[in-house]
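Chemist: model the following, please.
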Amino acid sequence: MPPCLAIILAPLVFAVHTALAQVAAPQVQLDGAHYTGIAGPRQGEAVFKGVPFAAPPVGVLRWRPPEPLSPSGTPRAATVVGPSCPQAPVLISFRRGIAAAFGTADKVDTTVVPTSEDCLSLNIWTAHWNDRRTLRPVMVWFHGGSNMFGEGSSAEYDGAALARRGVVLVTINYRLGALGFLSHPALTAESPDKASGNYGLLDQVAALQWVKRNIRAVGGDPGRVTIFGESAGSIDVLALMASPLSTGLFHRAIAESGTPMGASQSLVQAEAAGVALARSLGIDSTADVLASLRRASAQDIIAAAGRLVLAGQYTPGPIVDGWVLPERPGKVFDDGRQNAVPLLIGSNGLEMSTLRTYLPRIPRTTDAYAQWVRATLGMAAPRLLALYPPATDAGVDDALVRLTTDLFITCPSRYVARAVARAGQPAYLYLFTRVLPGGAKLGAYHSAEIGYVFGNRTSWLPNDAVDDSLAATIGDYWVRFATTGNPNMAGRPEWPTHDVVSDRSMELGDRVASQSGVRREACDLVALGLRMQHR
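Modeler: Below is the predicted model:
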């Protein structure tokens, strides 16, 4: 090649090599196995999808604590999300129900991730793959779905935007429904800890142990791990705060729209539900009951559990089993014995507007409403009827939505924040109030904040400049909290800590500002009732 031509081509060759280097597939060793991920669209971004964190819980491992993966030297591709855990396909219906209020139900993505019991995998996003010497805070997401539905790989949980704010983002799958939260006397007898039922929580613990061992390899700081979740994921976050098995595995917690502060299932109650489920499958308490249950198909188990849920005989979720949860979480928080970490917790303004299947099944008349409130809420009933009065029969449904939003989610969230503050840890309380244009009937509905947290607002919902600004603010607060244990930062409104005296919280909506005394009278009544339950 003539020297002059070489001089001309040199910059081009250098540019090509540089571009190839920037898009080269990222590779990493995790638990001794070699994984190849995906280079992101921006320089330094990397994604690893479908990375297993425990052995497949199949065969004899069904309804047992997660086992470590067998060592493997075979290189693995981490380019496709893993299967979802077995579940009934209801999430698309939930999303369509929200979209219907805006006339966009036909635009909802109906893609279904395949399910398999071999589902214990996680996904990792980083925006700083080229700089793994600077360790960044880690955020581990537990998805919602009543502990019966969902997966960590949903598009709304894509971690790219959040990772760009300066964290390593991890989303996980955990066992769901009767495969993740089933007790039975035979399972309890089989367990060396004489406990059964909390397999989904144990999966979350195993994922956090995996993070502690491996996250440094992708630039994450194992000493700054934040667990966060929404709905059932939020309930599980707080359950792990109350569990001795998770001590030292995380350093901050964010709970969005869900607490385990109400009556918790005892092991005896959960075992009775397990016996009922086995009998519904034609499996009685014979000597081989566990072998028979483990031979049953996942689909049959999920279907049987669904029938029991509808009949009010089974509720998947954390169980006071004496091991994972030695005591009711509410009692642990009341006594200040939870894992001592800063907490950011809150709820949405009208949570129950999209959870109407959970509303009391009563005639929609003012008399029936008043009778249900008196029968259910005892001495607090007169004040709550005054605070949430339906003017007419037509207003009963809206009154129920407002009352149950505060009873089930808003006020228990404040209760937890106060318990953490009393124990000497920082607690930050919020109320998300953003109502999308045309969505007055839904209000700030259950799960509405997720798109703002992740920066992935749903394409089939209306968005405007307010949403852009609010998403940036919430993303900054969440990442700053994960980084320091305090959401405050320059350029954002000050978020005060919560305590009994000031009763301060943060409104996150059309305005972002601190406020005091939100739902105070109702929440004081709820707090009294919860304290009595936890005695």
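Chemist: and the helices in the stretch 51-200 of the chain?
Modeler: Along the stretch 51-200 of the chain, counting by DSSP state H, counting those that start in this stretch, helices occupy 91-100, 160-163, 177-180, 185-190, 199-214.
Chemist: what packs against the last one?
Modeler: If I follow you right, that is helix 199-214. If you count contacts as 3 or more CB pairs under 8 Å, 6 or more residues apart in numbering; DSSP states H and E, helix 199-214 packs onto strand 136-142, strand 168-172, helix 177-180, strand 220-230, helix 232-241. In short, each C-beta sits where N, CA and C put it, glycine included.
Chemist: mind saving the C-alpha coords of the fourth one as PDB?
Modeler: What follows is strand 220-230, C-alpha atoms only, in PDB (Å, rounded to 0.1, in the frame of the first residue of the first chain):
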ATOM      1  CA  GLY A 220     -22.000  -3.200  41.300                       C
ATOM      2  CA  ASP A 221     -21.200  -2.500  45.000                       C
ATOM      3  CA  PRO A 222     -22.200  -5.400  47.200                       C
ATOM      4  CA  GLY A 223     -22.100  -3.100  50.200                       C
ATOM      5  CA  ARG A 224     -24.800  -0.800  48.700                       C
ATOM      6  CA  VAL A 225     -27.700  -3.000  47.700                       C
ATOM      7  CA  THR A 226     -31.300  -1.600  47.700                       C
ATOM      8  CA  ILE A 227     -34.300  -3.900  47.400                       C
ATOM      9  CA  PHE A 228     -37.400  -2.400  45.900                       C
ATOM     10  CA  GLY A 229     -40.700  -3.600  44.800                       C
ATOM     11  CA  GLU A 230     -44.400  -2.800  44.100                       C
END
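Chemist: so what strands line up beside it?
Modeler: strand 136-142 (parallel), strand 252-256 (parallel) (DSSP bridges).
Chemist: skipping adjacent residues, who's closest to Tyr35 in space?
Modeler: Nearest residue to Tyr35 in three dimensions, chain neighbours excluded: Ala78, at 4.3 Å (CB to CB, 6 or more residues apart in numbering).
Chemist: tabulate the helices and strands packed on helix 199-214 (TSV), appending distance to Asp524.
Modeler: Shown next, in TSV, are these (distance: least, CB to CB, whole Å):
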stretch	distance to Asp524
strand 136-142	30
strand 168-172	37
helix 177-180	35
strand 220-230	26
helix 232-241	21
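Chemist: now distance to Pro137, mean pLDDT and mean neighbour count too, for the helices of the stretch 51-200 of the chain, in CSV please.
Modeler: Shown next, in CSV, are those (distance: least, CB to CB, whole Å; pLDDT from 0 to 100; neighbours: other CB atoms under 10 Å):
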stretch, distance to Pro137, mean pLDDT, mean neighbour count
helix 91-100, 29, 90, 17
helix 160-163, 11, 97, 22
helix 177-180, 28, 98, 25
helix 185-190, 37, 96, 17
helix 199-214, 12, 98, 23
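Chemist: just so I know, which of the strands paired with strand 220-230 lies nearest Pro318?
Modeler: strand 136-142 (12.0 Å; CB to CB).
Chemist: might you list the low-confidence residue ranges for the stretch 401-535 of the chain?
Modeler: Along the stretch 401-535 of the chain, no part satisfies pLDDT under 70.
Chemist: where do the strands sit along it?
Modeler: Using DSSP state E, counting those that start in this stretch, the strands of the stretch 401-535 of the chain run over 427-432, 504-508, 512-516.
Chemist: for the longest one, which outside residues touch it?
Modeler: Outside strand 427-432, the residues that touch it by CB atoms under 8 Å, 6 or more residues apart in numbering are 342-349, 410, 413-414, 416-418, 420-421, 444, 448-449, 452, 481, 486-487, 495, 497-499, 504-509, 515, 518.
Chemist: could you check the angle it makes with strand 512-516?
Modeler: Counting by axes from the mean of the first three to the mean of the last three CA atoms, to 10 degrees, strand 427-432 points 110 degrees away from the direction of strand 512-516.
Chemist: what pairs with strand 427-432, parallel or antiparallel?
Modeler: Strand 427-432 pairs in its sheet with strand 343-348 (parallel), strand 504-508 (parallel), by DSSP bridges.
Chemist: using PDB, write out every CA atom in that strand.
Modeler: The C-alpha trace of strand 427-432 is given here as PDB (Å, rounded to 0.1, in the frame of the first residue of the first chain):
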ATOM      1  CA  ALA A 427     -37.900   6.800  56.800                       C
ATOM      2  CA  TYR A 428     -39.200   8.700  53.800                       C
ATOM      3  CA  LEU A 429     -42.900   8.600  53.000                       C
ATOM      4  CA  TYR A 430     -44.600   9.600  49.700                       C
ATOM      5  CA  LEU A 431     -48.000   9.800  48.100                       C
ATOM      6  CA  PHE A 432     -48.000   9.600  44.300                       C
END
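Chemist: checking His34 next. Helix, strand or coil?
Modeler: The three-state label given to His34 by DSSP: H, G, I helix; E, B strand; the rest coil is strand.
Chemist: who are the contact partners of Ser266?
Modeler: Residues near Ser266 by CB under 8 Å, 6+ apart: Ile319, Val320.
Chemist: quick one: it from Leu201, how far?
Modeler: Using CB to CB, to the nearest Å, Ser266 is found at 16 Å from Leu201.
Chemist: same question for Pro412.
Modeler: 19 Å.
Chemist: please apply the same query to Ser516.
Modeler: Distance from Ser516 to Leu201, counting by CB to CB: 35 Å.
Chemist: ok, now Leu525?
Modeler: Leu525 sits at a distance of 30 Å from Leu201 (criterion: CB to CB).
Chemist: likewise Arg480?
Modeler: To Leu201, Arg480 is 28 Å away according to CB to CB.
Chemist: same deal with Arg279?
Modeler: As defined by CB to CB, Arg279 lies at a distance of 26 Å from Leu201.
Chemist: got it, and Ala386?
Modeler: Look at Ala386 and Leu201: by CB to CB, they are 39 Å apart.
Chemist: show residues contacting stretch 334-345.
Modeler: Contact with stretch 334-345 is made by 234, 240-243, 246-247, 250-256, 259, 329, 332, 413, 416-417, 419-420, 422-430, 477-478, 481, 485-487, 531, 534, as judged by CB under 8 Å, 6+ apart.
Chemist: next: stretch 515-526.
Modeler: Everything outside stretch 515-526 that qualifies as a contact, by CB under 8 Å, 6+ apart, is 380, 383-384, 387-388, 406-407, 410-412, 414-415, 431, 502-507.
Chemist: end-to-end on it?
Modeler: Start and end residues of stretch 515-526 are separated by 20 Å (CA to CA, to the nearest Å).
Chemist: list the contacts of the residue nearest to Ala298 when sequence neighbours are not counted.
Modeler: Excluding its sequence neighbours, the residue lying closest to Ala298 (CB to CB, 6+ apart) is Pro86, at 4.2 Å. Each residue near Pro86 by CB under 8 Å, 6+ apart is listed here: Thr115, Ser116, Glu117, Cys119, Leu176, Gly177, Leu179, Ala298, Gln299, Ile301, Ile302.
Chemist: of all those, which comes closest to Val167?
Modeler: The closest of these, once distances to Val167 are taken by CB to CB, is Cys119, at 24.6 Å.
Chemist: and that closest one, how far is that from Gln87?
Modeler: According to CB to CB, Cys119 stands 10 Å off from Gln87.
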